[in-house]
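1. need a 3D model of the following:
(3 chains)
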Amino acid sequence: MPHLVILYTPQLDKETDMDVLCRSLANTMLAARDESGEAVFPPSGTRVLAFPAAHFAVADDGSAGRAVGGTGDYAFVYLQLRVADGRTSATHTQVGDALLQTTQTHFANIFDKRHIGITLQIDEGLPVYDGKYSNLHPLFTKA
Amino acid sequence: MPHLVILYTPQLDKETDMDVLCRSLANTMLAARDESGEAVFPPSGTRVLAFPAAHFAVADDGSAGRAVGGTGDYAFVYLQLRVADGRTSATHTQVGDALLQTTQTHFANIFDKRHIGITLQIDEGLPVYDGKYSNLHPLFTKA
Amino acid sequence: MPHLVILYTPQLDKETDMDVLCRSLANTMLAARDESGEAVFPPSGTRVLAFPAAHFAVADDGSAGRAVGGTGDYAFVYLQLRVADGRTSATHTQVGDALLQTTQTHFANIFDKRHIGITLQIDEGLPVYDGKYSNLHPLFTKA
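-> Predicted coordinates:
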C-alpha cells in the first residue's frame, strides 16, 4: 500500500507541470523491481498526490539568495513515500534513488534558474489498523 | 489528541460532499466507546481535516479501467487517524472498523459507478514534544 | 532536515495572516540554539508549509460553543515539526516551547474572540531512505 505525498511551495505551479511529475513518479514506482525481479509495488496501490502549500516560509528572508544574484524566492519540494514494512534495505535504496532521479530530471530546467531544495524520504508505516475498500485491485489481479 | 486527515483525489469533490463525510467521521469518533464503555476520544480533541490533491496519479494510465468499460479515471481516498499511544488493539480495531464502515457507507453510491480505492490507517503517534493551547477543552469538561 | 507542516481549518484565513505565522515560525526555528550554543537547525533546511483544509469537522456540531455564547464554529491548527533523530530531549522541549509560544502570540487576538484549538507536536523521523537535491545548501555554507 505505497503512496507518495508531495508537499511543495506553490510558486512552482507556474514554473512546471506537477501533473507530469505525479505521473512520472507513478511510472517509476510501477517499474520498480526487487532483487528477484518481482514488482515492488502493486499497480492498484500506487498513488501519488501533490499538495501546494497555501502559505510558506523557507530558510531566511531571501537575503542569502539575493546576495548571489537570485530573487530571494526559494522553492521547496518534499516527497514522502510511505510503504508497508518488510522490504529490504536494498529495495528501499533502489526505489528511493529511482524516484529522486525522476524528480531531479523533472526539475532539471528549473534547477538552473532558481533556488530550490528537494527532499525525498521513504517511511515504513506501522499502522495499528489497516483497512481497505477498493474496486481497483481486481483490475490488476490476473485470473 | 486524535485527528483524522483525509487526502483524496479532487474529482471526488464533484461527485460527493466531503463536508458530510467529515462530519460523519467525527460523529463516529465521538460515538466510539472502549471495552469499559468510556468514550475513546474527547470531543474537543476530535478533528477531521480533508485535503483534495491539486495534482495526482493513481495506478496505471487508465488502460486497465478502460479495458473493463470504465473511464480510466481512478479515485483514491486515504484516511489517516493519528491517536495517542496506550489504547488496546481491540479499541484500534473497533474504531478502525467503525470509521471504515462510515466511509464505505458514504461512498456506496459512487463505488458502484466508478473506480475508487479507499485506505484507512490508524497510527499511534509518539511525539517527542506535545504542546496544546485551546479554549475548546473547557467546553467539554464537566465541572 | 526539519520541516514544519501546518494543517488548519480554513476559516482562519479570513481572520489572520498565515504567511506571517509561517515566517514567524521559520524565524523561531532559525533562532533556536542547543545547550552548546549551536544552531539547532540549518537555514537551508528550515521549511514551513501551511495547508488549509478544504473540508473539516471539529468536535461536536457546535452545540457546546453556542451554549456559551459562541458561534459554534470551531477552529483548529495542527503544527507538526519533523526533525531528524539524535537531538536531546532538552532541545526538543526548548524548540517546541518556543514554537508554541510564537504560535500563541500570533493567535492571541483571535484566541479571545473565537473557539480554537492549537496542537503542536514534534516527531523524530526515521526514514529508511533520505535523499536530497538542493542548491539552497551552498547559500548558507560558509567557506
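
2. quick check: residues of chain A near chain B?
-> A:1, A:3, A:5-6, A:13, A:18-19, A:21-23, A:25-26, A:30, A:43-52, A:125-137, A:139-140 (C-beta under 8 Å from any C-beta of the partner chain). Placement of C-beta: from N, CA and C, glycine included.

3. which among the residues you listed count as buried?
-> Neighbour-count burial (16 or more other C-beta atoms under 10 Å in any protein chain shown) applied to those gives A:1, A:3, A:5-6, A:18, A:21-23, A:25-26, A:30, A:43-52, A:127-131, A:133-136, A:139-140.

4. about what we covered before: considering only the residues of chain A next to chain B, which also neighbour chain C?
-> Filtering the residues of chain A next to chain B for proximity to chain C by C-beta under 8 Å from any C-beta leaves residue A:51.

5. in strands only, show me the residues of chain A next to chain B.
-> Using DSSP state E, the members of the residues of chain A next to chain B that fall in strands are A:3, A:5-6, A:47-52, A:125, A:129-134.

6. now the two most distant members of the residues you listed.
-> Distance extremes for these: the farthest pair is A:52 and A:129 at 29.9 Å, using C-beta to C-beta.

7. touching chain C at all, the top helix by length along chain A?
-> Across chain A, the longest stretch assigned as helix under DSSP state H is helix A:89-111. Yes. Helix A:89-111 reaches chain C (C-beta under 8 Å from any C-beta) through A:89, A:92-93, A:95-97, A:100, A:103-104, A:107, A:111.

8. where does chain A dip in pLDDT?
-> A:1, A:142-143 (pLDDT under 70).

9. what residue in it comes nearest to chain B?
-> residue A:129 (3.3 Å; C-beta to the nearest C-beta).

10. okay, now the nearest residue to that residue once chain neighbours are set aside: neighbour count?
-> Leaving aside its sequence neighbours, residue A:129 sits nearest to residue B:96 (C-beta to C-beta, 6 or more residues apart in numbering or on different chains; 3.3 Å). By other C-beta atoms under 10 Å in any protein chain shown, 20 other residues sit near residue B:96.

11. right, and residue B:96 touches residue B:120 too?
-> Yes. The pair residue B:96 / residue B:120 is scored as a contact, 6.3 Å apart, by C-beta atoms under 8 Å.

12. overlap of the contact sets of those two?
-> The contact sets of residue B:96 and residue B:120 overlap at A:129-131, B:81 (C-beta atoms under 8 Å, 6 or more residues apart in numbering or on different chains).

13. measure the residue nearest to residue A:35 when sequence neighbours are not counted to residue A:98 for me?
-> Of all residues not flanking residue A:35 in the chain, residue A:90 sits nearest, at 6.3 Å (C-beta to C-beta, 6+ apart). For residue A:90, the distance to residue A:98 equals 12 Å [C-beta to C-beta, to the nearest Å].

14. give me the more crowded residue out of those two.
-> Neighbours per residue, other C-beta under 10 Å: of residue A:90 and residue A:98, the larger number sits with residue A:98, 16 against 10.

15. residues in contact with the residue nearest to the more buried one when sequence neighbours are not counted?
-> Nearest residue to residue A:98, sequence neighbours excluded (C-beta to C-beta, 6+ apart): residue A:28, at 5.2 Å. Neighbouring residues of residue A:28 by C-beta under 8 Å, 6+ apart: A:98-99, A:102.

16. against residue A:102, how distant is residue A:28?
-> 5 Å.

17. likewise residue A:12?
-> From residue A:12 to residue A:102 the distance is 16 Å (C-beta to C-beta).

18. in chain A, what residue comes closest to chain C?
-> residue A:96 (3.3 Å).

19. how about that residue, what does it touch?
-> Residue A:96 sits in contact with A:81, A:120, A:122, C:129-131, where contact means C-beta under 8 Å, 6+ apart.

20. could I get those residues as JSON lines with distance to residue B:59?
-> Supplementary listing: the contacts of residue A:96 in JSON lines, determined by distance: C-beta to C-beta, whole Å:
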{"residue": "A:81", "distance to residue B:59": "16"}
{"residue": "A:120", "distance to residue B:59": "21"}
{"residue": "A:122", "distance to residue B:59": "20"}
{"residue": "C:129", "distance to residue B:59": "22"}
{"residue": "C:130", "distance to residue B:59": "27"}
{"residue": "C:131", "distance to residue B:59": "24"}
